[in-house]
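Trainee: return a 3D structure for these sequence lines:
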Amino acid sequence: MAHLVVDQLRFTRSEWLRGLRGVTEADAARHFGRMNSIGWIVGHLTWQEQRYLLWRPSGVLLFPEIQEEFAFGAPMSTPSLAVVRKAWGKVTKSADPFLDSLTTRDLLCDLQLNGKPSGQTLGDAIRRMTFHYWYHIGEIQAIRQMLGQERLPQYVGNLEGKAPYRPEK
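Mentor: Now for the predicted structure:
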């Protein structure tokens, strides 16, 4: 059984995908003022998954271009939703065995940055990524409302069924 923090991340990923259901290429390319496009947001969360779960722990960089194009502070762009969704799927699938292997002890270890201590534990990084997803879930839903879309996902889905609270052993 995966660690509770991993279950929470996976539930959050599923909620994020639920929030993207029905988004078209045209929807994903729209910008409202200085807001990033939905396509960019997908690339941005792919960047964070790759950075925290592949590159920093093991030096794996499946998509070097994602590190440049979608990092925090990267310039606004309008990537293809299909391209960034495919990259997100590959990154998350590649990260899953690592996530499945984590113990509480692992989560308390410092997550290195360029071979040096970062002051951030792996557990902190996973929690930050989980909360970061929720931030962008709200942003995507706001964009979809501005696009005039209706019947959007509301609130949090089946948390109790998919990622219920369980005490740490």
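Trainee: which residues does the nearest residue in space to residue 117 that is not next to it in sequence contact?
Mentor: Nearest residue to residue 117 in three dimensions, chain neighbours excluded: residue 110, at 4.8 Å (CB to CB, 6 or more residues apart in numbering). To be clear about C-beta, it is placed using only N, CA and C from the backbone, and glycine gets the same treatment. Neighbour list for residue 110: 117-122 [criterion: CB atoms under 8 Å, 6 or more residues apart in numbering].
Trainee: packing partners of the helix or strand of the chain at the bottom of the mean pLDDT ranking?
Mentor: Using mean pLDDT, DSSP states H and E, helix 159-162 stands out as the lowest-scoring helix or strand of the chain, at a mean of 81. Judged by 3 or more CB pairs under 8 Å, 6 or more residues apart in numbering; DSSP states H and E, helix 159-162 is in contact with helix 4-20.
Trainee: list the buried residues in the helix it packs on.
Mentor: Across helix 4-20, burial judged by 16 or more other CB atoms under 10 Å covers 4-13, 15-16, 19-20.
Trainee: and the pLDDT at residue 142?
Mentor: Confidence at residue 142, expressed as pLDDT, is 94.
Trainee: who's in contact with the residue nearest to the spatial centre of the chain?
Mentor: Nearest residue to the geometric centre of the chain (CA atoms, centre = their mean): residue 45, 4.0 Å. Contacts for residue 45 (CB under 8 Å, 6+ apart) come out as 16, 88, 132-133, 136.
Trainee: what's the answer for residue 2, then?
Mentor: Contacts here follow CB under 8 Å, 6+ apart; on that basis residue 2 touches 10, 99-100, 102.
Trainee: any idea how far residue 59 is from residue 115?
Mentor: Look at residue 59 and residue 115: by CB to CB, to the nearest Å, they are 10 Å apart.
Trainee: mind checking which of those two has more residues around it?
Mentor: residue 59 (9 against 6; other CB atoms under 10 Å).
Trainee: how much space separates that one from residue 112?
Mentor: Going from residue 59 to residue 112 by CB to CB gives 10 Å.
Trainee: same question for residue 9.
Mentor: For residue 9, the distance to residue 112 (CB to CB) stands at 20 Å.
Trainee: backbone torsions only: list them for residue 121.
Mentor: Main-chain torsions, residue 121, degrees, to the nearest 10: phi -80, psi 160.
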